[in-house]
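Peer 1: have a look at this prediction, sequence included:
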Amino acid sequence: MEIASLILSLAALLVIGFLFFKTKTQNSNSQLIESFRNQVTLQIGQINEQVAKLYSDNQSILQKVNTDLTQTLQNVDKNVNSRLDNAAKVISDVHRKLGEVHETTKRVQEIGKDISSLQDILRAPKIRGGMGELFLGDLLKQVLPPSRYQEQYRFKSGEKVDAVIFLQKQMVPIDSKFPLENFNRVIQAQDEAQKITFKKQFTRDVKKHIDDIKKKYILPDEGTFDFALMYILAENVYYEIIIKDENLEDDKTIFKYALDNRVIPVSPNSFYGYLQTILLGLRGMRVEEKAQEILKNLSRLEGDFERVMNDFSTMGTHLKNTFSKFEDTEKRLLKFNDKLGSLEEKVELPPQTAALGQISP
């Protein structure tokens, strides 16, 4: 802006000089013209100096601006590159995580297919019963020693129970088969009326199964306790058994009916608690057996001690008798020695005999 003002001022001076020159007559004073020329030259010199200074200042400013702008651009470039690198890492991590999620989703889908296949398989009663026996045996194996239970125990009647637990001289029978067909229908029912109908059928199935367990496996004359355990493979089925359904006419729950018939329903979780209690009882029985064995050993030791005491007493009597004989014999020897000494004093040997006795070696 200052350069433009100076140029405009110079132009104005030139115009004024030109007009002044034109208005003068030809006989104007040459000295005035020279003076005006000098002033114009001086102004032009000052203007040139100012223009040079302004140019130098502008160059410095431009150089500084250029340096600052370059530095700023470099910083921006570094920040942009850093952010781009971070963004690339984030994108890479996101891609990797998405790949893992995809793999996990595929595995979940495969597990879902396997579960669906397993459900289809378990719909068959024989296979479901086999799974119940398998899980029951595995749970018994985890808690009890092998000598305390037996799987597939056969009674004299020919009936075979899934497992028995041995407690002293009696057994606890365990059945792991359970009717689930109508329970599945209850779950799959679309309306409440169907659920009530299937629930009644399910209740009848379970009660019939309880009656069969009581008839087949509670056999005290063959060494069982006066109760049996009904192992239910699924916790949700066990819950349906122990709760009371208000829609059923019978006031008794299935659980109460089972207890009245001395059949105890157990789920995997509750059965584990029963087994822990039985295990504690078995440990107590082992302690009792060990205590009885210790008492027997103590009784034998007492008998041995009495015999040793008798022998010791007999030996003491013998020692006393021997010591008494020893004392008597000692006294007799002393008396005999005294008598012998007195006899030697009374006997006088002849001189020749004494002399011979001195000469002999």
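Peer 2: Cool, got the structure.
Peer 1: which residues in the chain form strands?
Peer 2: Listed in chain order, the strands found in the chain under DSSP state E are 149-154, 160-167, 170-175, 228-231, 263-266.
Peer 1: paired strands for the longest one, with orientation please.
Peer 2: Pointing back at strand 160-167 there. Note on strand 160-167: by DSSP bridges, its sheet partners are strand 149-154 (antiparallel), strand 170-175 (antiparallel).
Peer 1: rewinding a little: among the strands of the chain, which comes closest to Ile278?
Peer 2: Among these, strand 160-167 comes nearest to Ile278, with 6.3 Å by C-beta to C-beta. For the C-beta atoms, the positions are set from N, CA and C on the backbone; glycine is no exception.
Peer 1: would you reformat the strands paired with strand 160-167 as JSON lines and include mean neighbour count?
Peer 2: Output for the strands paired with strand 160-167, formatted as JSON lines (neighbours: other C-beta atoms under 10 Å):
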{"stretch": "strand 149-154", "mean neighbour count": "16"}
{"stretch": "strand 170-175", "mean neighbour count": "22"}
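Peer 1: can I get those in JSON lines including mean pLDDT and distance to Asp85?
Peer 2: Below are the strands paired with strand 160-167 laid out as JSON lines (pLDDT from 0 to 100; distance: least, C-beta to C-beta, whole Å):
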{"stretch": "strand 149-154", "mean pLDDT": "90", "distance to Asp85": "65"}
{"stretch": "strand 170-175", "mean pLDDT": "90", "distance to Asp85": "66"}
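Peer 1: format those strands as TSV; extra columns: distance to Val186.
Peer 2: Compiled in TSV, the strands paired with strand 160-167 are given as follows (distance: least, C-beta to C-beta, whole Å):
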stretch	distance to Val186
strand 149-154	31
strand 170-175	22
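Peer 1: what's the closest of those to Leu319?
Peer 2: strand 170-175 (57.9 Å).
Peer 1: distance from the chain centre to that closest one, please.
Peer 2: 33 Å (C-alpha atoms, centre = their mean, to the nearest Å).
Peer 1: could you do stretch 189-208 as well?
Peer 2: Mean C-alpha position of stretch 189-208 versus that of the full chain (C-alpha atoms, centre = their mean) differs by 40 Å.
Peer 1: ok, now how distant is Tyr238 from Ser56?
Peer 2: For Tyr238, the distance to Ser56 (C-beta to C-beta, to the nearest Å) stands at 98 Å.
Peer 1: these two: which has the busier surroundings?
Peer 2: The neighbour count for Tyr238 versus Ser56, taken as other C-beta atoms under 10 Å, is higher for Tyr238 (22 against 10).
Peer 1: who's in contact with that one?
Peer 2: Taking C-beta atoms under 8 Å, 6 or more residues apart in numbering as the contact definition, Tyr238 lies against Ile232, Pro265, Val266, Ser267, Ser270.
Peer 1: for it, give me the pLDDT.
Peer 2: You'll see Tyr238 listed with a pLDDT of 85.
Peer 1: repeat for Ala12
Peer 2: pLDDT recorded at Ala12 is 60.
Peer 1: do Lys208 as well
Peer 2: At Lys208, the model reports a pLDDT of 92.
Peer 1: for it, list the residues it contacts.
Peer 2: When contacts are counted by C-beta under 8 Å, 6+ apart, Lys208 touches Pro179.
Peer 1: coming back round to it: export the strands of the chain as TSV, with columns for distance to Phe323.
Peer 2: Listed next are the strands of the chain as TSV, based on distance: least, C-beta to C-beta, whole Å:
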stretch	distance to Phe323
strand 149-154	67
strand 160-167	62
strand 170-175	64
strand 228-231	74
strand 263-266	76
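Peer 1: which one of these lies closest to Ala189?
Peer 2: Of all the strands of the chain, strand 263-266 sits nearest to Ala189, with 23.1 Å by C-beta to C-beta.
Peer 1: all the helices of this structure, residue numbers only.
Peer 2: Counting by DSSP state H, the segments of the chain that form helices are 2-23, 30-122, 125-143, 181-188, 192-217, 235-242, 254-260, 268-346, 351-359.
Peer 1: and the second one, how far out from the chain middle?
Peer 2: Just to be clear, that refers to helix 30-122. On C-alpha atoms, centre = their mean, the centre of helix 30-122 falls 53 Å from the chain's centre.
Peer 1: once you drop chain neighbours, what's closest to Gln201?
Peer 2: Closest residue to Gln201 apart from its sequence neighbours, by C-beta to C-beta, 6 or more residues apart in numbering: Asn182 at 4.3 Å.
Peer 1: ok, back up a step: and which of the contacts of Tyr238 is nearest Glu100?
Peer 2: Proximity of the contacts of Tyr238 to Glu100 (C-beta to C-beta) peaks at Ser267, which lies at 36.2 Å.
Peer 1: doesn't Asn236 make contact with the closest one?
Peer 2: No. Counting by C-beta atoms under 8 Å, Ser267 stays clear of Asn236, with 9.2 Å between them.
Peer 1: need the overlap of contacts for these two.
Peer 2: When C-beta under 8 Å, 6+ apart defines a contact, no residue borders Ser267 and Asn236 alike.
Peer 1: in terms of neighbours, single out the busier of those two.
Peer 2: Just comparing Ser267 and Asn236: by other C-beta under 10 Å the higher neighbour count belongs to Ser267, 19 against 10.
Peer 1: per-residue confidence for that one?
Peer 2: Note for Ser267: predicted pLDDT of 86.
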